[in-house]
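Next come a sequence and a model predicted from it.
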Amino acid sequence: MTESNEEKKVPAKTPATAAGEWLKVESLDLDAQGVAHNAEGMVVFIEGALPFEEVQFNVHRRKNNWEQGTVTAIRRESSQRVRPGCPHFGLHTGACGGCKMQHLDEAAQVAVKQRALEDNLWHLGKVRPENVLRPLEGPAWHYRYRARLSVRHVVKKGTVLIGFHERKSRYLADMQVCPVLPKQVSDMLMPLRALIGSLDARETCPQIELACGDAPGTTSLGTIALVLRHLEPLSNADVGRLKAFAAQNAGVQWWLQAKGPDTVKLLEEGGMTLSYELPQFGVTMPFKPTDFTQVNPHINRALVGKALRLLDVQADERVIDWFCGLGNFTLPLASRAREVLGIEGSDTLVARASDNFRKNQPATSARRALSATRFVARNLFEMTPAMLVADGSADKWLVDPPREGAFALAKAMADLHLQPELRTDGWTPPRRIVYVSCNPSTLARDAGLLVHQAGYRCTFAGVINMFPHTAHVESIAVFDLA
């Protein structure tokens, strides 16, 4: 029998916010929107509003149970509101959408991210860390050594735009400076716009990917690699213009990308090799501009040191570094442990990591033979208990997955804990796992598996402010066998 129309339950619609109503902002969500409730209890998300402010807003989206809009007036201002450090940040027409939190005090930004981490761990994983780590922080400006900059020749404006998109728009912001990029790169934006505007190929160059490296033997900015995506072959005249620009700007080297990432090639041979330093471990890490490296090298150096201190690796221990990439953690681990196994999903990355290890071998394995550290390829999103056991027992693990997290790895651990008969060849679980995450929701999901099904305690967790002024949350958690 079907329900009559009268018997169907229709969700009640909460009355909309009254015109002129002042709302008290209660909190900030991860999109940097103030969260409030109107007089009828409807949830309201207000862009540009901060906690404890009293505001009015204009509605640009409305559903049955919530509204979304932009602040139009502030009657009581938050003590944590600050003047943005970039002229292109804000709610005005044409504002850059690259940052979301420049109007909020830097310490308060970190507190928002800390709360997001703890909320995700509890609400998604039902996990509360036994100890909350002090946030890992670094420079709040000129920190961004990697960026994908869009390029558009705007005929109507008679100019070329280079940078990030406008807030909530497909159009490019008219960026003249960018204080989160290295100062040398920010100062180069207008000359770059003029350069692209002078090219014959200005209509067919949609993107410049930025990757900066350290000057040899230092942690100061050195090489500025610019990868120019070009949809048509460049003329000899354009190649000459690019070379002249590089000659006039110290450290700049051009790379050309005709099609996919495998077509990227250096325009001019010679010059400095693109690399970054981990001086605490005597490691120099060469990389290509399209390789994954951390956006913030200042925080990365601190993060590697923090992770190794938390892992507390001893000279007689075997360690597995899951999702090892180019060896960012593996090479420092090799200077501490008896044996390190780096595991990555790509054969190409495994080869690159092995090559990086060989180049750093005197620093990373002064006490051990080269064979003590090795790299293998595995599909880390299809891990099984049998695959995990086949790679052998390890005293400790370091896990640094992409945004998707390490669900298959955590699930395999849970299966091995719940089904001891699967632990063949004397396999034993690691005593400690340090998990570095760029997504608190997938960390929380995996933490729930490790704590509730794999026999671990979450002993530490904390945030890493890898991306100041943005809503991106990087974090680190420690799991010990219960």
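In hand now; what should we look at?

Give the partner strands of the lengthiest strand in the chain in its sheet and their orientations.
The longest strand of the chain (DSSP state E) is strand 66-76. Each strand paired with strand 66-76, and its direction, by DSSP bridges: strand 43-47 (parallel), strand 54-62 (antiparallel).

With distance to A244 as added columns, please give those strands in a markdown table.
For glycine as for every other residue, the C-beta is placed from the backbone atoms N, C-alpha and C. Output for the strands paired with strand 66-76, formatted as a markdown table (distance: least, C-beta to C-beta, whole Å):
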| stretch | distance to A244 |
| --- | --- |
| strand 43-47 | 43 |
| strand 54-62 | 46 |
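
Just name the most buried of these.
By mean neighbour count, with neighbours taken as mean count of other C-beta atoms under 10 Å, strand 43-47 ranks first of those at a mean of 20.

Contacts only, for the nearest residue to V376 once chain neighbours are set aside.
Using C-beta to C-beta, 6 or more residues apart in numbering and skipping the chain neighbours, the partner closest in space to V376 is I343 (5.7 Å). Going by C-beta atoms under 8 Å, 6 or more residues apart in numbering, I343 touches I320, D321, W322, F323, C324, F375, V376, A377, R378, L380, D391.

what about I343, which helix or strand?
Following DSSP states H and E, one finds I343 within strand 339-344.

Direction included, what does that strand pair against?
strand 318-322 (parallel), strand 373-377 (parallel).

circling back: only the buried residues of the longest strand of the chain, if you could.
Neighbour-count burial for strand 66-76, with 16 or more other C-beta atoms under 10 Å as criterion, is recorded at E67, Q68, G69, T70, V71, I74.

Need the winner for burial among the strands paired with strand 339-344.
Note that of the strands paired with strand 339-344, strand 318-322 is the most buried (mean count of other C-beta under 10 Å), with a mean of 25.

average pLDDT for it?
Regarding strand 318-322, the rounded mean pLDDT is 98.

Helix or strand next in line after that strand, which one?
helix 330-334.

Need the mean per-residue confidence for that following helix.
96.

same for that helix, what does it pack against?
If you count contacts as 3 or more C-beta pairs under 8 Å, 6 or more residues apart in numbering; DSSP states H and E, helix 330-334 packs onto strand 283-286, helix 297-311, strand 318-322, strand 339-344, helix 347-359, helix 361-364, strand 373-377.

the helices in the stretch 351-482 of the chain, which residues?
361-364, 385-390, 407-418, 440-452 (DSSP state H, counting those that start in this stretch).

Kindly reformat these as JSON lines containing mean neighbour count, distance to L311 and mean pLDDT.
Converted to JSON lines, the helices of the stretch 351-482 of the chain look like this (neighbours: other C-beta atoms under 10 Å; distance: least, C-beta to C-beta, whole Å; pLDDT from 0 to 100):
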{"stretch": "helix 361-364", "mean neighbour count": "16", "distance to L311": "16", "mean pLDDT": "65"}
{"stretch": "helix 385-390", "mean neighbour count": "16", "distance to L311": "19", "mean pLDDT": "96"}
{"stretch": "helix 407-418", "mean neighbour count": "20", "distance to L311": "16", "mean pLDDT": "98"}
{"stretch": "helix 440-452", "mean neighbour count": "23", "distance to L311": "15", "mean pLDDT": "98"}
